[in-house]
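Chemist: Next come a sequence and a model predicted from it.
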Amino acid sequence: MNSFGERLQDCFRFSLNGKAPPLNSDVIVALEIYARWLSKGAPRGVKLTGAGYPKQDFKPQRSPDYTRGKEVYVNHCASCHGPDGAGQQIAGRNVFPPLWGSQSFNWGAGMHQLDNAAAFIKANMPLNLSSVLSDQEAWDVAMYMNAHERPQDPRYTGNVTTTRAKYHNTPMSLYGTIVNGWLLGSRPAQ
Ligand code: HEC
């Protein structure tokens, strides 16, 4: 079982590709208390209206495709996230987050899985224009985004194939598969 504090640490390790503060640090404790404050008065054991994003029955009609995804990316995403996926920074801070490359979420983040990414993108992207993409376009652009190199999974065993077998043994992960002629996860993200 993972504690809530441990789940928060995972956001640092995977989503932010950073170092997690210790469980008893001011940062983790403050985040726990903030979350508790946010949940004040919420009913238990019931999914709250507006929580998360819809995922059931969210399947593509055709297999997600890199080339179609690239077209979606160029037309709907590159203006903010950059033609090379590096996002945009002002004074060293991300205004638009990188989607791949050395500064993005890493191979251990939930976002690297096609189903998570497609559902997130469909519900939230382009920013504030959630109804723009079709389901198929959301899957295609998720495939394009997640077919690029990103920082290594922090649980890396020293070998991509065994890391895939241990942590990413699902068709929703491209880690450890060959896309466009190279083994994803096998070389440092640029
Ligand atoms: C108008 C600018 C804009 C456009 C266009 C846009 N995004 Fe975003 N995107 C953002 C911003 C800003 C965030 C950060 C949102 C936040 O942190 O609340 C974001 C966040 C994301 C994230 C989460 C990144 C992370 O590290 O968790 C993904 C994935 C993403 N966008 C994908 C896309 C895709 C795919 C498209 C094209 C279909 C797209 N975005 C179009 C502005 C944009």
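Modeler: Okay, I see it. Please read these numbers as outputs of a predicted model, since none were measured by experiment.
Chemist: Per the annotation, how does the protein divide into domains?
Modeler: Here the domain parsing of the chain from automatic domain parsing is 4-38, 66-183.
Chemist: Next one, pLDDT for the most centrally placed residue in the chain please.
Modeler: By CA atoms, centre = their mean, the chain has its centre lying nearest to residue 111, at 1.9 Å. In this model, residue 111 is scored at 97, pLDDT.
Chemist: Skipping adjacent residues, who's closest to residue 94 in space?
Modeler: Distances taken as CB to CB, 6 or more residues apart in numbering put residue 87 closest to residue 94, at 5.5 Å, once the chain neighbours are dropped. C-beta: built from backbone N, CA, C; applies to glycine.
Chemist: Neighbouring strands - and their directions - for the lowest-mean-pLDDT helix or strand in the chain?
Modeler: None of the helices or strands of the chain scores lower by mean pLDDT, DSSP states H and E than strand 182-183, at a mean of 92. Note on strand 182-183: by DSSP bridges, its sheet partners are strand 178-179 (antiparallel).
Chemist: Could I get the average pLDDT for the strand it pairs with?
Modeler: Across strand 178-179, pLDDT averages out at 94.
Chemist: Sweet, I'm off.
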